[in-house]
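**Q** compute the structure for the input listed below.
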Amino acid sequence: MFHGTTIVAVLKDGRCALAGDGQVTLGGNTIMKHHAVKVRRIYQGRVLAGFAGSVADSVTLFEKYEEQLEKYQGNLRRAAVELAKDWRTDRVLRRLEALLVVGDTSSLLVISGNGELIEPDDGVTAIGSGGPYALAAARALHRFTAMEAGEIARSAIQLAAEICVYTNDKIVLEIL
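**A** Below is the predicted model:
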């Protein structure tokens, strides 16, 4: 099974930043790839999305989420609710193993396969193997520095890479 992802999202001062590391790990002890792209812009470049989990499952979820964004004219929350409902009830989608983080300049959401939609209280969230490390770093930087959203996201991944064996410092960063 492929795993080993760290995605962090930061919302600050009307800016949304999503950063992801590039490592793909096979079997827990072999690094298969250093420069994977797990963060992308969707819906006409107005929404950022990042994934943790199976790559094929995540790409499927990106596509399904973007379909919902089109259907609901870019309404991040409504599209997320509809995707979560489909994810819980559809036989094929229900088997997908992935988490999504989506954000725009006004909100962040984590969408899980259990139908959960989680909006962070403080404008900071993270998923994946290195998620807890990146989340702790991002929260501290968000609260106690004047760094911008993109700087916080990049620094959080860099700090997680120093601790988590499933996280590297080959960072892809997107900012709205």
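**Q** what's the neighbour count on Glu63?
**A** For Glu63, the count of nearby residues is 11 (other Cβ atoms under 10 Å). (C-beta placed from N, C-alpha, C; glycine too.)
**Q** name the element it belongs to?
**A** According to DSSP states H and E, Glu63 maps onto helix 55-71.
**Q** now do the following helix or strand past that helix and helix 55-71, the angle between them.
**A** Heading C-terminal from helix 55-71, the first helix or strand you meet, by DSSP H and E, is helix 76-89. Per axes from the mean of the first three to the mean of the last three Cα atoms, to 10 degrees, the angle that helix 76-89 makes with helix 55-71 is 130 degrees.
**Q** so which other helices or strands are in contact with helix 76-89?
**A** helix 55-71, helix 91-94, strand 98-103, strand 108-112, strand 117-118 (3 or more Cβ pairs under 8 Å, 6 or more residues apart in numbering; DSSP states H and E).
**Q** let's see it at 6 Å
**A** If you count contacts as 3 or more Cβ pairs under 6 Å, 6 or more residues apart in numbering; DSSP states H and E, helix 76-89 packs onto helix 55-71, strand 108-112.
**Q** pick the most buried one from those.
**A** Of the helices and strands packed on helix 76-89, the one with the most neighbours on average (mean count of other Cβ atoms under 10 Å) is strand 108-112, at a mean of 22.
**Q** the closest residue to Val81 other than its chain neighbours: neighbour count?
**A** Of all residues not flanking Val81 in the chain, Leu117 sits nearest, at 6.5 Å (Cβ to Cβ, 6 or more residues apart in numbering). The local packing of Leu117 (other Cβ under 10 Å) involves 14 other residues.
**Q** show me the contacts for Leu117.
**A** Contact analysis of Leu117 by Cβ atoms under 6 Å, 6 or more residues apart in numbering lists 80, 84, 109, 111.
**Q** all set now, cheers.
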